[in-house]
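[1] Sharing a model prediction with you, sequence too.
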Amino acid sequence: MEEGTEPETASSVTPSEGPAVASSEAPSSEAPSSEAPSSEASSIESPSSEAPPSDAQAPDAAPSETAAEASTAEASTAEEITAEASVEVSASIEASTPGIATVPIAKMIHGVDVASFQGEPTNWRSDASNIKWAAVKLTELQPNNVRYVNPYATDDWAYVGRQKLGRIAYMFAHPSVGPADSVQFFLSELRGLGLLNTDGIMLDLEQTDGLGPAQVSSWAVEVMALLAKNLKRTPILYTYLSFAFEGNCAGLGKYPLWISDPSSPMGKPVVPGPWKTWTIHQYSTSGVIDLDVANFATVKAMQEVFGVPVPPPPKPEKGNLGGSVTGGVAAVRWDDGSIVVAGLDGLDHVQVRRFDGGSKTWGVWWNPAGTTKAVGPPALVSWGESYGQLFFAIDSGDVMEFATEDTGKSWTS
């Protein structure tokens, strides 16, 4: 087997693949870990004054955690992080409004939210038939530094990924615990599981820990800003109606709402202020598993809202690529922006040149077929994230076939 690799001319940059969900379970009876907060809390990026993306729809979740509220709490954390602005709770809470769907109910995608109550995937998958996405509870940093991790989170997260379903990871909120420590705890678990650019994140906000609405909402504003800053995507806010009516969600209206409203028909939830619309509706909390519907027609559409924003494609470049090609030019492009151009030189050898989509630089002209002469112009095809083929005919009438699995960096025959 022959193999050729593009000569190195400049360092290439491979786009990193980065790294959301509400749960209805109470922490399991297993004793949660009591290790002290990680000193890595300082690694959390503080939110900038620039507000995170806010044009996503809102999500829903049902109140189901039963962890005891703390009567007192320490407000300080290892690191002081200031959110965008302090939240003032209006004396009068905005009136609730009927939810307006942007997608016909029959086309909305169904999902579930799971926590330790549901157990491992083999216990709940039969009760979650025909779903397109699932949310998985990861962490709950409780008062007195009780560090709870869903014991089934690893299996749940991996199962949802293997099934090619949309994924949302979430943290359960305790407003009496420092925002930075809460987020750091969540991030450490999430990154250990593996976070894709298409995955979503969510804050499950349904407890006050004995704090007033102004304190709860201010805490949540800071946590949401930290999540957006550190994970480069818009977090979802899950809550339930009476909790929002009390003013605990002031200042969060720019985030997608996941609303728990099992009293309303599926896809027609009541939307509490400060939101104007909803993104996910938790319409059933009475069965083995909570049932939800998202205001999207496809998983891809949901991922585009909840995942890392995809930059617009670059404008085509213009210029002279040089070389000694005399004819038979062909070209192919991959989704990451990488391009391969092929043509024949004066000796009828196939020459190729590659544009790296990561580094945005062109390599050199080179000959992947060695001294083999071509008869007629070459042809190129590409598919998937990195696969491609190069074809050309030779004197005997045979057609040579070269393959690449790395967007044209190397070719084999």
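    Thanks, I have the structure now. Residues are numbered from 1 along each chain as shown.

[2] Now do residue 273: how many residues are near it, please.
    The local packing of residue 273 (other C-beta atoms under 10 Å) involves 18 other residues. C-beta coordinates here come from the backbone N, C-alpha and C atoms, glycine included.

[3] And it, how far from residue 285?
    22 Å (C-beta to C-beta, to the nearest Å).

[4] go on, residue 105?
    19 Å.

[5] Repeat that for residue 219.
    According to C-beta to C-beta, residue 219 and residue 285 sit 25 Å apart.

[6] any idea of the pLDDT on the residue nearest to residue 328 when sequence neighbours are not counted?
    Among residues not flanking residue 328 along the chain, residue 377 sits closest, at 2.7 Å (C-beta to C-beta, 6 or more residues apart in numbering). Note for residue 377: predicted pLDDT of 94.

[7] Helix, strand, or coil at residue 377?
    strand (DSSP: H, G, I helix; E, B strand; the rest coil).

[8] Repeat that for the one 4 residues further on.
    Following three-state DSSP, the label given to residue 381 is strand.

[9] how about the strands of the stretch 151-300 of the chain, start to end?
    Counting by DSSP state E, counting those that start in this stretch, the stretch 151-300 of the chain has strands at residues 166-172, 200-204, 236-240, 257-260, 270-271, 280-284, 290-294.

[10] follow-up on the earlier one: more neighbours: which of residue 105 and residue 285?
    More neighbours surround residue 285 than the other of residue 105 and residue 285, with 19 against 13 (other C-beta under 10 Å).

[11] The more buried one is in contact with residue 262, isn't it?
    Yes - the criterion here is C-beta atoms under 8 Å, and residue 285 meets it with residue 262 at 5.0 Å.

[12] Whichever helix in the chain runs longest - contacts with which helices or strands?
    Criterion DSSP state H: the longest helix present in the chain is helix 213-231. Helix 213-231 sits against helix 179-193, strand 200-204, with contacts defined as 3 or more C-beta pairs under 8 Å, 6 or more residues apart in numbering; DSSP states H and E.

[13] And the helices in this structure?
    Applying DSSP H to the chain gives helices spanning 121-124, 153-162, 179-193, 213-231, 241-245, 299-306.

[14] do you know how far residue 201 is from residue 371?
    With distances taken as C-beta to C-beta, residue 201 is found 55 Å from residue 371.

[15] Which one of these two is surrounded by more residues?
    Between residue 201 and residue 371, residue 201 has the larger neighbour count (other C-beta under 10 Å), namely 29 against 7.

[16] Let me know whether the more buried one touches residue 238 as I believe.
    No - if you go by C-beta under 8 Å, residue 201 and residue 238 don't touch, sitting 10.9 Å apart.

[17] Of the helices of the chain, which is nearest residue 132?
    With C-beta to C-beta as the criterion, residue 132 lies closest to helix 299-306 of the helices of the chain, at 5.1 Å.

[18] neighbouring contacts of that closest one?
    Residues outside helix 299-306 that contact it (C-beta atoms under 8 Å, 6 or more residues apart in numbering): 20, 56-57, 109, 132-133, 165-166, 168, 198-201, 233-234, 236, 256, 279, 294, 296, 310.

[19] report the angle between the axes of it and strand 236-240?
    When axes from the mean of the first three to the mean of the last three C-alpha atoms, to 10 degrees is applied, the directions of helix 299-306 and strand 236-240 differ by 90 degrees.

[20] What residues of helix 299-306 count as buried?
    Within helix 299-306, the residues that qualify as buried are 299, 302-303, 305-306, counting by 16 or more other C-beta atoms under 10 Å.

[21] Specify which member of these is nearest to residue 181.
    Distance to residue 181 across the buried residues of helix 299-306 (C-beta to C-beta) is lowest for residue 306, with 24.5 Å.

[22] end-to-end on stretch 104-111?
    16 Å (C-alpha to C-alpha, to the nearest Å).

[23] What mean pLDDT does it get?
    96.

[24] and it, how far from the chain's centre?
    Put simply, stretch 104-111 sits 20 Å off its chain's centre (C-alpha atoms, centre = their mean, to the nearest Å).

[25] Quick one: residues in contact with it.
    101, 130-135, 165-166, 266-268, 280, 291-299, 302.

[26] redo that, cut-off 7 Å
    Stretch 104-111 is contacted by residues 130-135, 266-267, 292-299, 302 when judged by C-beta atoms under 7 Å, 6 or more residues apart in numbering.

[27] Separate out the buried members of those residues.
    Neighbour-count burial (16+ other C-beta under 10 Å) is assigned, among those, to 131-135, 266-267, 292-296, 299, 302.

[28] got those residues as JSON lines, with pLDDT columns?
    Output for these, formatted as JSON lines (pLDDT from 0 to 100):
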{"residue": "131", "pLDDT": "96"}
{"residue": "132", "pLDDT": "97"}
{"residue": "133", "pLDDT": "98"}
{"residue": "134", "pLDDT": "97"}
{"residue": "135", "pLDDT": "98"}
{"residue": "266", "pLDDT": "96"}
{"residue": "267", "pLDDT": "96"}
{"residue": "292", "pLDDT": "97"}
{"residue": "293", "pLDDT": "97"}
{"residue": "294", "pLDDT": "98"}
{"residue": "295", "pLDDT": "97"}
{"residue": "296", "pLDDT": "97"}
{"residue": "299", "pLDDT": "97"}
{"residue": "302", "pLDDT": "97"}
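
[29] can you tell me which of the residues you listed lies nearest to residue 157?
    For the buried ones among the contacts of stretch 104-111, the nearest to residue 157 is residue 134 (9.2 Å; C-beta to C-beta).

[30] shaky segments in the stretch 301-413 of the chain?
    Under the criterion pLDDT under 70, no range of the stretch 301-413 of the chain is flagged.
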